[in-house]
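*Asks:* Sequence below, structure please.
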Amino acid sequence: MATQIARVGGTVTVEIPEELLRKANLAVGDPVEWVVTSSGVLALRGPHTADDSTVEDGYEEWKMAEIQAALAEAEAGETVAHEQVVSWLRSWGTEHELPPPL
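*Replies:* Numbers count the residues shown, from 1 in each chain. So this is what the prediction gives:
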């Protein structure tokens, strides 16, 4: 499963694959933030993560799997035109907000 980002009303939600949640010692519903570590790696930090550390275990493997999944989707033609995405994003916060493009 790929990470999914969705906007519902005034809230943006992110669906994080369960495997990554386990590696980050996070539970469903925990507030999290993405942080850049001192080594320049993007990592998750949650309420159970010490202030001076971040969760890096398995991140590179997860990142590569996500990239491979995205490339496979693109090669299979499972894409959305750039113009459709831009139109959708520009409609956010207007009276005529568009549904996400499919």
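*Asks:* got the buried residues for stretch 16-28?
*Replies:* Under the neighbour-count criterion of 16 or more other CB atoms under 10 Å, stretch 16-28 has 16, 20, 21, 23, 24, 26 buried. (C-beta placed from N, C-alpha, C; glycine too.)
*Asks:* which pair in these spans the largest distance?
*Replies:* Taking CB to CB, the two most distant members of the buried residues of stretch 16-28 are 16 and 23; they sit 10.2 Å apart.
*Asks:* shaky segments in this protein?
*Replies:* For the chain, the stretches flagged by pLDDT under 70 are 1-2, 42, 44, 47-59.
*Asks:* Try it again at 90.
*Replies:* Along the chain, the parts satisfying pLDDT under 90 run over 1-67, 69-70, 78, 102.
*Asks:* what ranges do the helices span in it?
*Replies:* Assigned helices in the chain, in chain order: 18-23, 59-75, 82-91 (criterion: DSSP state H).
*Asks:* In a markdown table: these, plus distance to residue 46.
*Replies:* Listed next are those as a markdown table, based on distance: least, CB to CB, whole Å:
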| stretch | distance to residue 46 |
| --- | --- |
| helix 18-23 | 9 |
| helix 59-75 | 14 |
| helix 82-91 | 28 |
